[in-house]
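Colleague: structure for the following, please:
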Amino acid sequence: MGMTTVEKILANHSDQSKVSPGDVVVVDVDVAVFFDWMRPDVVKIFDPDKLVLLHDHQVPAPTVRAANMAKQMREFVDKFKVKNYFPVGQHGISHVLLAQEGLALPGQILANPDSHTCSSGALNCLARGMGPSEMTHILCKGKSWFIVGPTTKVNLEGELPEHVYARDIIHYIPGQYGDFAGRNLEWHGDGLPSIGMDGRLTMATISAELSAEFSLFPYDDVLEEYLKGRAKSAYEPAYPDFDAEYEAVITVDLSSLEPQVVKPGRVAWNSGSVSEVAGQKVDQAFIGSCANGRLSDFAVAAEVVKGHKVAPGVRFIVTPGSQEILKQAVRAGYVETLMEAGAVVTSSTCGACFGGHMGLLADGEVCITASTRNFKGRMGSAEAEIFMGSPATVAASAIRGVITDPRDM
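Modeller: Next up is the predicted model:
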């Protein structure tokens, strides 16, 4: 049997001509990403041109500790003459910047000390989050290792109805099929051409909440067009063999989907139609993070809130994924529309998503979010509850003050 796309990329970066589920494979890493801090004791690195350094979790620095960590990163950049560095003012969330700047490319392997690194799988790039020890090894040696996992093929058929989004697809799947721990996802089907890059990036990012090892989209016309004039270097796309062996095949009829909401606490087996939780009072609504802080998300949110006001007692926070996205949203008038409605538009950062700053939840509060996680304590108090929905669902809920089906707006 032939290899899946995941297996092809792993084999292409190793000394093995073929890999199969269960194999351990040592690979060369094309891109290593680091954010907010660098070890000051490193004396030699494998290749400064294969590094991408930036500030994303807490920007601008909200504490002295964060400021000192950012200073250490700037010192590292100067020490090793790192070219791909995004200082404050050019900053953004790492996964957003990698796509925007053409630094995560088809057929490559990318590592980053963040669990949502699988976001770059939207670019046909094999990307995974790593722990600090493994990232230090990659920094110094340029190599890593993986246990090859089995792959599930997801066929997307048809097209999404109006006011249903890519975010709803990636919420629907864990509600129906649970998690994919130790396994990979590969996306296929005649419905793919109708899903743009912003949507694909959202789906690849939220695949981390499905516990997928890798989440990989194909190299097709949509991706080829996106990379024109954007890719920073030459690349070689990866494709599955015609006889690739998949552990399972899932088919999703996009035309049958409704807006989805993930309920608090976990993702697997915990999502359903927005109608199941409609009417739940909310204290905060948040759009942002590496999952949904892109220009199309600003556009959707602005469309929903135009002519309305945020409900009394609700905080509506919108955080762009990068400074470039923020500039585009300003030029398009989306920021003004959101602010006229009563939203707060922040600096380009992870912000409220991980409970770091700019939007923490208090005891007993309820949040509807288009960020990445709904675990207890994720966005502040462990006594708060976090629901997840699409940017349209979040914006509609901010206006009504209760979880709302965006189609009702």
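Colleague: quick one: contacts of stretch 149-160?
Modeller: Applying C-beta atoms under 8 Å, 6 or more residues apart in numbering, the contact partners of stretch 149-160 are 4, 6-7, 21, 166, 168-169, 173, 180, 182-192, 194-195, 213-214, 246-257. No exception for glycine: its C-beta is placed from N, CA and C like everyone else's.
Colleague: mind checking the end-to-end distance for that stretch?
Modeller: 30 Å (C-alpha to C-alpha, to the nearest Å).
Colleague: how about the helices in this protein?
Modeller: 5-12, 64-80, 94-100, 132-141, 166-177, 197-206, 221-227, 289-292, 295-305, 323-331, 334-341, 391-400 (DSSP state H).
Colleague: make TSV out of those and add distance to Gln58 and mean pLDDT.
Modeller: Formatted as TSV, the helices of the chain follow (distance: least, C-beta to C-beta, whole Å; pLDDT from 0 to 100):
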stretch	distance to Gln58	mean pLDDT
helix 5-12	33	98
helix 64-80	5	97
helix 94-100	13	98
helix 132-141	17	97
helix 166-177	25	98
helix 197-206	19	98
helix 221-227	29	98
helix 289-292	14	97
helix 295-305	21	98
helix 323-331	15	98
helix 334-341	22	98
helix 391-400	22	98
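Colleague: out of these, the one nearest Lys281 is which?
Modeller: Distance to Lys281, taken as C-beta to C-beta, is lowest for helix 391-400 among the helices of the chain, at 9.6 Å.
Colleague: what's the closest one packed up against?
Modeller: If contacts are counted by 3 or more C-beta pairs under 8 Å, 6 or more residues apart in numbering; DSSP states H and E, helix 391-400 sits against strand 284-287, helix 295-305, strand 366-370.
Colleague: tell me, how many residues neighbour Trp306?
Modeller: Just so we're on the same page, residue 306 is Lys rather than Trp. Neighbours of Lys306 under the rule other C-beta atoms under 10 Å: 14.
Colleague: contacting residues for the closest residue to Cys350 other than its chain neighbours?
Modeller: Nearest residue to Cys350, sequence neighbours excluded (C-beta to C-beta, 6 or more residues apart in numbering): His57, at 4.6 Å. With contacts defined as C-beta under 8 Å, 6+ apart, His57 is in contact with 35-36, 349-350, 354, 356.
Colleague: what's the per-residue pLDDT of His57 here?
Modeller: Looking at His57, its pLDDT is 95.
Colleague: please renumber so the chain begins at 735
Modeller: Taking 735 as the first residue, the last one we looked at is His791.
Colleague: tell me the domain boundaries of this protein?
Modeller: The record's domain parsing of the chain by automatic domain parsing lists 739-963+978-987, 1000-1142.
Colleague: please identify the deepest-packed of those domains.
Modeller: Highest mean neighbour count among these (mean count of other C-beta atoms under 10 Å): domain 1000-1142, with a mean of 22.
Colleague: which one, of the helices of the chain, ends up nearest to Phe1050?
Modeller: Shortest distance between Phe1050 and the helices of the chain, using C-beta to C-beta, is found for helix 1125-1134: 3.9 Å.
Colleague: who touches that closest one?
Modeller: 897, 899, 901, 993, 995, 1008, 1016, 1019-1021, 1026, 1031, 1034-1035, 1038-1039, 1042-1045, 1048, 1050, 1075, 1077, 1102-1104, 1123, 1137-1140, 1142-1143.
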